[in-house]
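Student: fold the stuff below for me.
(2 chains)
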Amino acid sequence: MNSHSVLSREARRARIFTRFQYLMLFLVCAVPACDSAQEAPRTRVPVLVDHQPLASVTTDLGYTVKLSAVRLVISGLTFTVAGEVHTVRSWHQELLDLIVPSAHAHPGHYQGGEVAGELTGRFVIAWPAAAGAVTLGDADIVVATYDAANFMVGIAEATDFAATDPLVAHTAELVGTAARDGRQLSFVVRVDAPGARELVGVPFEAIIATADNNPIVFHFRPEDPLEGDTALDGVDFFALDPDATGTITIAPDQPATEDAYNVVRRALLTHDHYEFSNHKE
Amino acid sequence: MRLFSKPLWPLIAASVATIPACDDSKGDGTVVIAVYGESFIEDGIPAADLADGWAVQFETFKVTVAEVTVGGTVVIPTATVDLVPASNGAGHVIGQAAVGEGSYDASSFVVRDLQIKGEATREGVVKRFDWTFAGATRFSACETTTQVKADGEATFQVTIHADHLLVDSLVSEEPNLIFQHFADADGNSDGIITQTELEATDIGALDPGSGGDIDNLWQWLVASQRTVGHVDGEGHCAAEALTP
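Tutor: Numbers count the residues shown, from 1 in each chain, chains lettered A, B, ... in the order given. Below you'll find the predicted structure:
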């Protein structure tokens, strides 16, 4: 008489059940983890350009700067989440979570800084947008809590608008006035970005739901809301206009304005002066 | 019908957890840790590799490497080595440890207390530098696999890329190597580029990336030296500043 024969019916059932569980466990583990993950809930949200007038700011050198227009060439807009996004999960994913709690690379989980939304295409952004705001398109975006956005900065091409547009062959343009001590001048700044330059970490604190989302609005912030520095800090406008012509241009390859050009370019290529929001206006 | 009764979940999890993923009972091998500065540190960075014609020679390139971890084993707690003396392409061995047989990735190490002394030359002009970076940087999730066989010997090489100190962008995939901005920072033209002079010099056209927290050349150098750590030649690691 072997030991099997002494097992009660309940004990045998229990043992068979345990074997079944292990078989299921084996099958679950043998299934490629990535082939049956359910698609994360996604939605589409319009992306607009801010139409509010650009705020006047006071620079570190005491100039009151009023920007009338800012243009920027971008492409490949993406939105990122900081933590994990828990999407709809299958039962075998739940099981894997129990036995392999560190399976972070599993589909449906987006680790810190992971891209979870995008708006493809290339755009010449112009702030402030025309009345009613300009729609760039609909972002394809996962339902989640977001904290940042990224995009590539590019170079304007003649086909983007009239070939004589001064932004052609440049990345960004700022037009405005600077005033101090009762004197004022007009300025234009044109900036070129290095090739294949990505701008990362633009603030985008938003919760995207499955429906009824406010549009995502792209803002230019002449003053960094967090640190208080402005996009034109370090530029001594009057020193760049020794003959008091009342107009200056800061652009690449101009030795007389090289230092000013470098500081403005650096500011425009940081995430400090841009923001995306989806607050109700 | 519930196939799995709730009380059995812990049992299943515990059972799976105790099944050895691999047979670790095959014995230990030896992992030798070397630190290598490549030709750029041992022989210098020739003018041909810089976009502005300067050539850089190092007299001292002393680095403290700590917490070298392979396969979960801390192989070397701390070691300091000068990478300038020739090593015949092998790097400088700083220690070894027994590690269980296996295939290990995601290794890590810490680099701190970088001391760099040398000179740059161009057309008869000589600019000397003697810089110390006291901060620590952890390099982790390194892109290499260390194969350890029982009774065998494997090498894990911490490779230091000195050319990263001369890049013109902290974010470009293909930055240029330049030295002119450092030479221009020699404000009193005494031929010695000091930390004070670097702190007083704007980074100009250099591209620090999207963060906006680097304004002067000393900050730039501090950020640059946090990227010098690699493994087994060109293997990249995730870099994390442990000290400001």
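Student: mind listing what residue 151 touches?
Tutor: Going with chain A. A:Ile74, A:Ser75, A:Gly76, A:Leu77, A:Thr78, A:Glu198, A:Leu199, A:Val202 (CB atoms under 8 Å, 6 or more residues apart in numbering or on different chains). Backbone N, C-alpha and C define where each C-beta goes, glycine included.
Student: think we crossed wires, I meant chain B
Tutor: Contacts of B:Asp151 (CB under 8 Å, 6+ apart): B:Gly27, B:Asp28, B:Gly29.
Student: try 7 Å
Tutor: The contact partners of B:Asp151, taken as CB atoms under 7 Å, 6 or more residues apart in numbering or on different chains, are B:Gly27, B:Gly29.
Student: ok, back up a step: the contacts of A:Phe151 into CSV, with extra columns for pLDDT, secondary structure and neighbour count?
Tutor: Converted to CSV, the contacts of A:Phe151 look like this (pLDDT from 0 to 100; DSSP: H, G, I helix; E, B strand; the rest coil; neighbours: other CB atoms under 10 Å in any protein chain shown):
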residue, pLDDT, secondary structure, neighbour count
A:Ile74, 98, strand, 23
A:Ser75, 97, strand, 13
A:Gly76, 97, strand, 16
A:Leu77, 98, strand, 25
A:Thr78, 97, strand, 21
A:Glu198, 95, strand, 15
A:Leu199, 96, strand, 21
A:Val202, 96, strand, 22
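Student: mind putting those into a markdown table with distance to B:His181?
Tutor: Formatted as a markdown table, the contacts of A:Phe151 follow (distance: CB to CB, whole Å):
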| residue | distance to B:His181 |
| --- | --- |
| A:Ile74 | 28 |
| A:Ser75 | 30 |
| A:Gly76 | 30 |
| A:Leu77 | 33 |
| A:Thr78 | 32 |
| A:Glu198 | 23 |
| A:Leu199 | 23 |
| A:Val202 | 28 |
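Student: could I get the residues you listed as CSV with distance to chain B?
Tutor: Below are the contacts of A:Phe151 laid out as CSV (distance: CB to the nearest CB, whole Å):
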residue, distance to chain B
A:Ile74, 13
A:Ser75, 16
A:Gly76, 14
A:Leu77, 14
A:Thr78, 13
A:Glu198, 7
A:Leu199, 5
A:Val202, 8
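Student: need the max-distance pair from the residues you listed.
Tutor: Put simply, by CB to CB the two of these set farthest apart are A:Ser75 and A:Val202, 14.1 Å from each other.
Student: excluding its backbone neighbours, what's nearest A:Ala256?
Tutor: Take A:Ala256 and drop its neighbours on the chain: the residue closest to it by CB to CB, 6 or more residues apart in numbering or on different chains is A:Leu240, 7.0 Å away.
Student: flag the shaky bits of the chain, pLDDT-wise.
Tutor: If you meant another chain, say so; for now it's chain A. Counting by pLDDT under 70, chain A has low-confidence residues at A:1-39, A:83-112, A:132-133, A:281.
Student: looking at chain B here, not the other one
Tutor: For chain B, the stretches with pLDDT under 70 are B:1-25, B:244.
Student: for chain A, what's the nearest residue on it?
Tutor: Among the residues of chain B, B:Gly212 lies nearest to chain A; the distance is 3.3 Å by CB to the nearest CB.
Student: that residue: helix or strand, and which one exactly?
Tutor: Using DSSP states H and E, B:Gly212 maps to neither a helix nor a strand.
Student: not counting sequence-adjacent ones, nearest residue to it?
Tutor: Distance criterion CB to CB, 6+ apart; nearest residue to B:Gly212, sequence neighbours excluded, is A:Thr270 at 3.3 Å.
Student: show me the contacts for that neighbour.
Tutor: B:Ser210, B:Gly211, B:Gly212.
Student: mind listing the strands for chain A?
Tutor: Remark: strands assigned in chain A by DSSP state E are A:42-49, A:57-58, A:64-81, A:114-127, A:134-142, A:144-153, A:172-180, A:183-191, A:197-208, A:216-220, A:247-250, A:274-277.
Student: what's the most buried one of those?
Tutor: Mean neighbours per residue, mean count of other CB atoms under 10 Å in any protein chain shown, is largest over the strands of chain A for strand A:216-220, with a mean of 23.
Student: quick one: that one near chain B?
Tutor: No. Judged by CB under 7 Å from any CB of the partner chain, strand A:216-220 stays clear of chain B, getting no closer than 14.9 Å.
Student: partners of that strand, with directions?
Tutor: Neighbouring strands of strand A:216-220 in its sheet, by DSSP bridges, are strand A:42-49 (parallel), strand A:274-277 (antiparallel).
Student: is it true that A:Val142 touches A:Thr43?
Tutor: No. Using CB atoms under 7 Å, A:Val142 is not in contact with A:Thr43, being 8.1 Å away.
Student: who touches A:His170 in this structure?
Tutor: So A:His170 contacts A:Ile155, A:Ala156, A:Arg190, A:Val191, A:Asp192 (CB under 7 Å, 6+ apart).
Student: go again with 10 Å.
Tutor: Shown in contact with A:His170 (CB atoms under 10 Å, 6 or more residues apart in numbering or on different chains): A:Arg71, A:Val73, A:Ile155, A:Ala156, A:Val189, A:Arg190, A:Val191, A:Asp192, A:Ala193, A:Ala251, A:Pro252.
Student: apart from its neighbours in sequence, what residue is nearest it?
Tutor: Nearest one to A:His170, counting by CB to CB, 6+ apart, is A:Arg190 at 4.5 Å.
Student: what about B:Glu234, neighbour count?
Tutor: 10 (other CB atoms under 10 Å in any protein chain shown).
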